[in-house]
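Peer 1: Next come a sequence and a model predicted from it.
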Amino acid sequence: MSADILKTNKLSKEYFGLKSELARPLVCVQGLGFVGAAMSVAVAQAMDSDGKKIFDVLGVDLPTTQGKARAEAIRSGNFPFSSGDEKLERETKACHEDGNLSATTESSAFALADIVVIDVNLDVDFSETPPVAVFDNYVRAISTVGRFVAPNALIIVETTVPPGTCERIVLPALQRTFKNRGLNPKKILLAHSYERVMPGPGYLDSIVNYWRVYAGICEDAADLCETFLEKIIDTDNFPLRRLSSTTASETAKIMENTYRAANIALIDEWGVFAENIGVDIFEIIDAIRDRPTHSNIRQPGFGVGGYCLTKDPSFANIANNTFFKKNSVAFPVAELAMTINSQMPIRNLNRILSIVDKEPEQIKMLMLGVAYRSEVDDTRFSASETFYRQAIARGIDVQVHDPHVKRWEEVGIDIETSLPNADFSDVVVFCVPHKFYQTINFSDWLSDKSIIVYDCDKVLSEKQITEIALTGIRVEGTGRGKI
């Protein structure tokens with residue numbers, strides 16, 4: 001936006017595509033990625049007891065090709081990603097039609113905001129020893145908000161960050177911009193409330209029908225954050241939990257994801273044991289889950305992927321090294337869990353090669369699923385990428401399919417979205433448990449009895465495994481010593 005518009009006070013909701021004539025609070029969501037885009041819709045669809053929309057929402061992204069495309073999608077009433085969630089798609093369109101959801105790439109929009117929700121990624125540079133958080137871009141994003149936002153606006157950080165980031169990085173960045181504007185840097189209203197977004201069929205519900213943790217840099221900020229969250233979340237069924245500080249809230253998210261990563265790593269070694277002694281780890285896990293204290297035990301699989309579990313456990317050590325300098329504190333379990341999880345796709349590949357009686361250069365493989373989890377098109381840090389690159393490096397001829405992914409940007413290839421003919425393959429590898437794969441008629445699809453089917457992530461049902469076995473085709477799987 002030009003300086004002339006700012007100077008002539010022509011900055012308005014209508015300028016940014018919001019059609020509301022009501023005096024509703026405006027929420028700006030910074031960052032229209034997989035979290036921010038969904039959060040924009042979650043806030044925009046919130047209604048009061050009379051069924052009226054509570055907020056106007058404006059998503060704000062960078063003026064890049066990608067950012068412009070995301071903003072344009074939302075302005076057109078479309079969710080910018082393949083979500084797998086009909087409810088999310090429906091609410092995006094409805095909010096667009098109601099005129100209380102729009103998007104822009106102009107940072108001056110923050111000047112209109114009553115609330116700013118920050119959903120900008122904070123990346124980790126694992127090429128450094130030890131790994132470090134890449135704060136530069138994140139600080140620039142925070143400073144952009146600080147240059148425009150009203151002094152009484154609430155700023156909520158949803159980003160997963162190292163404990164201490166709000167107090168030691170975000171707040172100082174905002175204070176610097178406030179001082180430059182002649183504003184009181186002691187009056188900043190900053191809160192942290194980490195996201196638990198899960199793309200897929202329950203995408204929107206993972207925000208509005210799920211528990212939330214939050215904290216404020218001061219009591220006023222915490223109170224305002226609570227009031228906001230109560231309006232968008234079903235707190236009758238999913239009550240909020242306030243923590244004593246933003247650092248405590250940040251720590252909760254890191255510990256939460258580290259626990260999950262460590263659980264997965266632990267079970268992977270038991271999956272190897274089951275394979276070696278000829279038992280089925282999945283029936284064993286089902287038996288253990290009957291005990292309430294062990295109901296959330298994980299299961300072996302293809303590998304850990306996505307943006308969160310592949311980096312979040314490292315944030316504890318990063319916080320310690322960057323902010324707290326406690327030499328006596330170490331995180332050997334978290335670090336080992338990340339190492340084990342990163343090797344899981346390679347372990348799966350090695351087992352497949354031990355089963356297929358050919359040299360790698362002679363193997364034709366059909367790889368089914370490249371997204372980081374089921375029912376999404378997000379391929380960032382997917383276990384499939386590690387698996388694919390290793391297979392190619394060993395000379396294997398790999399054909400790839402995914403019902404949700406048309407272009408695999410990380411490896412630079414187009415993806416088959418219609419199921420290929422399997423009869424030209426030596427081994428068919430099921431990598432991601434998309435529902436599509438549970439609809440395959442194997443008696444029609446598989447005719448070559450020499451094919452081996454390998455299930456990396458319990459993609460196939462017991463009925464499907466039986467159906468395949470009855471055709472005379474060999475079926476193997478991760479964590480299964482005997483099928």
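Peer 2: Arrived safely, thanks for sending.
Peer 1: dump the residue contacts of Gly33.
Peer 2: For Gly33, the contact set (C-beta atoms under 8 Å, 6 or more residues apart in numbering) comprises Arg70, Asp119, Asn121. Just so you know, the C-beta spots here come from the backbone N, C-alpha and C atoms, and that holds for glycine as well.
Peer 1: out of those, which is most surrounded?
Peer 2: Asp119 (26 neighbours; other C-beta atoms under 10 Å).
Peer 1: from what I can see it touches Cys28, true?
Peer 2: No: if you go by C-beta atoms under 8 Å, Asp119 and Cys28 don't touch, sitting 10.6 Å apart.
Peer 1: In TSV, list the contacts of Gly33 along with distance to Lys458.
Peer 2: Compiled in TSV, the contacts of Gly33 are given as follows (distance: C-beta to C-beta, whole Å):
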residue	distance to Lys458
Arg70	33
Asp119	32
Asn121	30
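Peer 1: out of those residues, who's nearest Glu97?
Peer 2: Arg70 (19.2 Å; C-beta to C-beta).
Peer 1: May I have the secondary structure class of the closest one?
Peer 2: What DSSP: H, G, I helix; E, B strand; the rest coil gives for Arg70 is helix.
Peer 1: quick one, domains of this protein?
Peer 2: Residue ranges for the domains of the chain, per automatic domain parsing: 3-244, 265-477.
Peer 1: between the ones you listed, which one is nearest to Ala252?
Peer 2: That would be domain 3-244 among those, by C-beta to C-beta, at 5.3 Å.
Peer 1: for the closest one, what is the average pLDDT?
Peer 2: Mean pLDDT, computed over domain 3-244, is 95.
Peer 1: Ok, stretch 375-386 next?
Peer 2: Throughout stretch 375-386, pLDDT has a mean value of 93.
Peer 1: The nearest residue to Ser82 once chain neighbours are set aside is in what secondary structure piece?
Peer 2: Closest residue to Ser82 apart from its sequence neighbours, by C-beta to C-beta, 6 or more residues apart in numbering: Asp377 at 4.0 Å. Using DSSP states H and E, Asp377 sits in no helix or strand.
Peer 1: List the contacts of Asp377.
Peer 2: Phe81, Ser82, Ala371, Asp402, His404, Val405, Lys406.
Peer 1: for the stretch 351-483 of the chain, which spans come out with low pLDDT?
Peer 2: Along the stretch 351-483 of the chain, segments meeting pLDDT under 70 are nowhere present.
Peer 1: now do 80
Peer 2: Along the stretch 351-483 of the chain, segments meeting pLDDT under 80 span 416, 482-483.
Peer 1: neighbours around Arg212, how many?
Peer 2: 22.
Peer 1: ok, back up a step: what two of the contacts of Asp377 have the greatest distance between them?
Peer 2: Across the contacts of Asp377 (C-beta to C-beta), the longest gap, 14.4 Å, separates Phe81 and Asp402.
Peer 1: With neighbour numbers in mind, choose between the two.
Peer 2: Ranked by neighbour count (other C-beta under 10 Å), Phe81 and Asp402 place Asp402 first, with 23 against 20.
Peer 1: hey, where'd the strands end up in the stretch 51-200 of the chain?
Peer 2: Secondary structure of the stretch 51-200 of the chain (DSSP state E, counting those that start in this stretch): strands located at 56-60, 101-104, 115-118, 124-125, 132-133, 154-157, 189-192.
Peer 1: okay, those strands in JSON lines with mean neighbour count and distance to Asp290 next?
Peer 2: Output for those, formatted as JSON lines (neighbours: other C-beta atoms under 10 Å; distance: least, C-beta to C-beta, whole Å):
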{"stretch": "strand 56-60", "mean neighbour count": "30", "distance to Asp290": "44"}
{"stretch": "strand 101-104", "mean neighbour count": "28", "distance to Asp290": "45"}
{"stretch": "strand 115-118", "mean neighbour count": "25", "distance to Asp290": "41"}
{"stretch": "strand 124-125", "mean neighbour count": "14", "distance to Asp290": "38"}
{"stretch": "strand 132-133", "mean neighbour count": "20", "distance to Asp290": "41"}
{"stretch": "strand 154-157", "mean neighbour count": "27", "distance to Asp290": "40"}
{"stretch": "strand 189-192", "mean neighbour count": "27", "distance to Asp290": "37"}
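Peer 1: Could you say which one of the ones you listed comes nearest to Ser342?
Peer 2: Once the strands of the stretch 51-200 of the chain are compared by C-beta to C-beta, strand 124-125 is nearest, at 13.0 Å.
Peer 1: Output the contacting helices and strands for that closest one.
Peer 2: The helices and strands touching strand 124-125, judged by 3 or more C-beta pairs under 8 Å, 6 or more residues apart in numbering; DSSP states H and E, are strand 132-133, helix 314-319.
Peer 1: Tell me who's in contact with Val329.
Peer 2: Asn320.
Peer 1: circling back to that earlier point, deepest of the helices and strands packed on strand 124-125, which one?
Peer 2: Ranked by mean neighbour count, the helices and strands packed on strand 124-125 are led by helix 314-319 with a mean of 23 (mean count of other C-beta atoms under 10 Å).
Peer 1: Let me know the next secondary structure element after that one.
Peer 2: helix 332-355.
Peer 1: May I see the buried residues of that following helix?
Peer 2: Across helix 332-355, burial judged by 16 or more other C-beta atoms under 10 Å covers 334-335, 337-338, 340-342, 344-349, 351-353.
Peer 1: Repeat that for stretch 38-55.
Peer 2: Quick answer for stretch 38-55 (16+ other C-beta under 10 Å): Ala38, Met39, Ser40, Val41, Ala42, Val43, Ala44, Gln45, Ala46, Lys53, Ile54, Phe55.
Peer 1: What about those, which are in helices?
Peer 2: Among those, DSSP state H puts Ala38, Met39, Ser40, Val41, Ala42, Val43, Ala44 in helices.
Peer 1: quick one: the third one from Asp205, how far?
Peer 2: Right, Ser40. 16 Å (C-beta to C-beta, to the nearest Å).
Peer 1: Arg373 in helix, strand or coil?
Peer 2: coil.
Peer 1: I'd guessed it sits against Cys308; true?
Peer 2: No: here Arg373 lies out of contact with Cys308, judged by C-beta under 8 Å, at a distance of 10.6 Å.
Peer 1: The two: which is more packed in?
Peer 2: Legend: neighbour count by other C-beta under 10 Å for Arg373 and Cys308, higher for Cys308 (23 against 19).
Peer 1: List the contacts of the closest residue to that one other than its chain neighbours.
Peer 2: Spatial nearest neighbour of Cys308, chain neighbours left out: Asn257 (5.7 Å); criterion: C-beta to C-beta, 6+ apart. Residues in contact with Asn257 (C-beta under 8 Å, 6+ apart) are Thr160, Cys308, Leu309, Asp312, Pro313.
Peer 1: so where does the second one fall, helix or strand?
Peer 2: Here Cys308, judged by DSSP H and E, is contained in no helix and no strand.
Peer 1: That one contacts Glu195, doesn't it?
Peer 2: No: applying C-beta under 8 Å as the test, Cys308 and Glu195 come out as separate, 9.5 Å apart.
Peer 1: tell me, what's touching the two both at once?
Peer 2: Thr160.
Peer 1: Make a markdown table out of the ones in helices among the buried residues of stretch 38-55 and add distance to Lys325.
Peer 2: Output for these, formatted as a markdown table (distance: C-beta to C-beta, whole Å):
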| residue | distance to Lys325 |
| --- | --- |
| Ala38 | 37 |
| Met39 | 34 |
| Ser40 | 38 |
| Val41 | 41 |
| Ala42 | 38 |
| Val43 | 38 |
| Ala44 | 43 |
